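Colleague: what follows is a protein structure lacking sequence information:
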């Protein structure tokens, strides 16, 4: 009977926590803000990137990697930076981004080795990237590389100099 009472209290406490109706938009805006090296630098210099509750929140946001959610992203670099901040291999409960091994044995020894590294602390935890983002030269380097990536993508998507060829030629 005591267990039933505890369950009712727990469920009423959970139902009293109301989530904002625009939660999707808020999380979409936040996840996309991770595409900004300047914002990541701010988070690193203020110490927010080192708070365990914030890192847990970043791990929670991995659901945006699923195609059902990723289609809403305008800045896909945010998912790359999310993985650098909290790599899937650093999650103590395993990879929770919705992409799991199908059990066909494709992972094998490599998967065992990754699990061993995670439990012994040998896997990349994202600490190096978080530490480096606090440095202005690194922030500028990341921003520059991001610009080159967007420039390359834009040239491939929209053609490079097509209008210039038509005018000149």
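Modeller: Looks like it came in fine. As the structure is a prediction and not an experimental result, all values here were calculated from the model.

Colleague: which of the residues in stretch 38-58 are buried?
Modeller: Residues of stretch 38-58 classed as buried: 39-44, 49, 55, 58 (neighbour count, 16 or more other C-beta atoms under 10 Å). For glycine as for every other residue, the C-beta is placed from the backbone atoms N, C-alpha and C.

Colleague: can you pull out the residues in contact with that stretch?
Modeller: If you take C-beta atoms under 8 Å, 6 or more residues apart in numbering as the criterion, stretch 38-58 is touched by 33-34, 81-82, 85-86, 130-131, 133-134, 136, 139, 142-143.

Colleague: state the three-state secondary structure for the closest residue to residue 132 other than its chain neighbours.
Modeller: Distance criterion C-beta to C-beta, 6 or more residues apart in numbering; nearest residue to residue 132, sequence neighbours excluded, is residue 138 at 4.4 Å. Secondary structure, DSSP: H, G, I helix; E, B strand; the rest coil: residue 138 is helix.

Colleague: burial count for residue 138?
Modeller: 17 (other C-beta atoms under 10 Å).

Colleague: and it, how far is that from residue 130?
Modeller: To residue 130, residue 138 is 11 Å away according to C-beta to C-beta, to the nearest Å.

Colleague: re the thing from before, go ahead and confirm the residue nearest to residue 132 touches residue 131.
Modeller: No - with contact defined as C-beta atoms under 8 Å, residue 138 does not reach residue 131; the gap is 9.2 Å.

Colleague: in the protein, which helix or strand is least confident?
Modeller: Across the helices and strands of the chain, mean pLDDT, DSSP states H and E gives its lowest value to helix 108-120, namely a mean of 39.

Colleague: so for the following helix or strand past that one, what's the average pLDDT?
Modeller: Downstream of helix 108-120, the first helix or strand assigned by DSSP states H and E is helix 127-132. The pLDDT scores in helix 127-132 average 91.

Colleague: quick one: least confident of the buried residues of stretch 38-58?
Modeller: Lowest pLDDT of the buried residues of stretch 38-58: residue 49, 91.

Colleague: give me the secondary structure label for residue 44.
Modeller: Residue 44 - assigned by three-state DSSP - is helix.

Colleague: and it, how far is that from residue 63?
Modeller: As for residue 44, its distance to residue 63 is 24 Å (criterion: C-beta to C-beta).
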